[in-house]
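Enquirer: What shape does this take:
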Amino acid sequence: MKFNIATIIAPAVVALCMTACNNQHSTSEHAADSTATQPTITEETVAIQADSVTMNSIVAFSDDTTAKKPIVLIVPEWWGLDDYIKGRAKQFAELGYLAIGIDMYGGSKHADNPDQAKAYATPFYTNPQLGFSRLQAALAKAKTYPQADTTRIAAIGYCFGGSMVLNGAKLGLPVNGVVSFHGGLQGVPPVKGLTKAQILVCQGGADPFVPAQDVATFRKQLDSLNIPYTFKEYAGATHAFTNPASTANGKKFNLPIAYNPAADTASWNDMRAFFGVIFK
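Expert: Modelled structure (predicted):
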């Protein structure tokens, strides 16, 4: 079967996320080993009002220190907020961040198939301000937590979410940096003086949903305005390479997606190094 973007979605909404998310959902826990008590991870659902919807998002943080914690906004794949993103939020909490997994669609909507996911995601591609306003609402909520360091903020996203945080950066979202994992690179053009967040793109080298022309155009737009960014490409990695459920779901929905453990690890480490720079 030949795959191109028209197979999945109209040109205006190119390169949507095809990954599925099956990771286990972790609840708050207080674990201990033989030598020391581990920090408690608090995970709670929080209702965030944004335009006409309530985003039933998840917040995660630990009690490891009384120091303020950098904020990490996490935007899910086009399936919506699910256990994969909740698991990522817990990972960030364990690393000392205050993380919010965002229910971008509102109302806890979750798609079970690509057609439904396309219907949920399309308005965000045709109206970039929609995603921007919901990122702003989530950020405002995160800043109300007493544990939050409101001067150190990042936004990351997977597939659909990657597209959303890149648009957010271009539209002037007030964060230190954004990270896109296998996200679509089409979107709003950058604006000189408005695009201030540092940018890290983690892209699969064999991603059929993000063709070479999209990469070239994305880079040319930023280069033409002298906007700094880092572009990491992982050889052999296809779309949705960070999600362990991708291979099975690729087979289920006949999509060219697959988990790539090497690229998953490398991109996570590249993100952590990036955070070390933007959170100095």
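
Enquirer: Only C-alpha atoms from now on, for both contacts and neighbour counts.
Expert: Will do.

Enquirer: Hmm, E77 and G101 touching each other?
Expert: No. With contact taken as Cα atoms under 8 Å, G101 and E77 are classed as non-touching, separated by 11.0 Å.

Enquirer: what about the strands in the stretch 101-250 of the chain?
Expert: 148-158, 177-181, 198-204, 230-234 (DSSP state E, counting those that start in this stretch).

Enquirer: Against which helices or strands is the longest one packed?
Expert: If I follow you right, that is strand 148-158. If contacts are counted by 3 or more Cα pairs under 8 Å, 6 or more residues apart in numbering; DSSP states H and E, strand 148-158 sits against strand 69-75, helix 160-170, strand 177-181.

Enquirer: any residues touching the longest one, and which ones?
Expert: When contacts are taken as Cα atoms under 8 Å, 6 or more residues apart in numbering, the neighbours of helix 160-170 outside the stretch itself are 15-17, 74-78, 121, 128, 131-132, 135, 155-157, 175, 177-191, 194-199.

Enquirer: let's go with 7 Å and repeat that
Expert: 16-17, 75-78, 131-132, 155-157, 178-185, 187-191, 194-197 (Cα atoms under 7 Å, 6 or more residues apart in numbering).

Enquirer: how close does G172 sit to V165?
Expert: Relative to V165, G172 is positioned 10 Å away (Cα to Cα, to the nearest Å).

Enquirer: next one: A137
Expert: A137 is 14 Å from V165, by Cα to Cα.

Enquirer: Could you do M104 as well?
Expert: From M104 to V165 the distance is 12 Å (Cα to Cα).

Enquirer: and what of A197?
Expert: 10 Å.

Enquirer: To P256, which of the strands of the stretch 101-250 of the chain lies closest?
Expert: Closest approach to P256 among the strands of the stretch 101-250 of the chain (Cα to Cα): strand 198-204, 12.1 Å.

Enquirer: Each with direction, which strands does that closest one pair with?
Expert: Partner strands and pairing direction for strand 198-204 (DSSP bridges) are strand 177-181 (parallel), strand 230-234 (parallel).

Enquirer: what about G172 and V165, which has more around it?
Expert: V165 (29 against 16; other Cα atoms under 10 Å).

Enquirer: separation between that one and V72?
Expert: Going from V165 to V72 by Cα to Cα gives 12 Å.

Enquirer: where in the stretch 1-150 of the chain is pLDDT low?
Expert: Across the stretch 1-150 of the chain, the ranges flagged by pLDDT under 70 are 1-37.

Enquirer: For Q49, which non-adjacent residue is spatially closest?
Expert: In space, and not counting its chain neighbours, Q49 is closest to M55: 6.3 Å by Cα to Cα, 6 or more residues apart in numbering.

Enquirer: got it, and A47?
Expert: Nearest one to A47, counting by Cα to Cα, 6+ apart, is N56 at 4.7 Å.

Enquirer: Please, which helix or strand holds the one you found?
Expert: strand 53-62 (DSSP states H and E).

Enquirer: excluding its backbone neighbours, what's nearest L194?
Expert: G172 (5.0 Å).

Enquirer: picking that back up, within its sheet, name the partner strands of the strand holding N56 and how each one runs.
Expert: Here, using DSSP bridges, strand 53-62 pairs with strand 41-50 (antiparallel), strand 98-101 (antiparallel).

Enquirer: Tabulate the ones you listed (JSON lines), appending distance to Q147 and mean neighbour count.
Expert: What follows is the strands paired with strand 53-62, written out as JSON lines (distance: least, Cα to Cα, whole Å; neighbours: other Cα atoms under 10 Å):
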{"stretch": "strand 41-50", "distance to Q147": "12", "mean neighbour count": "18"}
{"stretch": "strand 98-101", "distance to Q147": "7", "mean neighbour count": "30"}
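
Enquirer: on that earlier part again, OK, contacts around the residue nearest to A47?
Expert: By Cα under 7 Å, 6+ apart, the neighbours of N56 are 45-48, 103, 106-108.

Enquirer: hmm, try it at 6 Å
Expert: 46-47, 103, 108 (Cα atoms under 6 Å, 6 or more residues apart in numbering).
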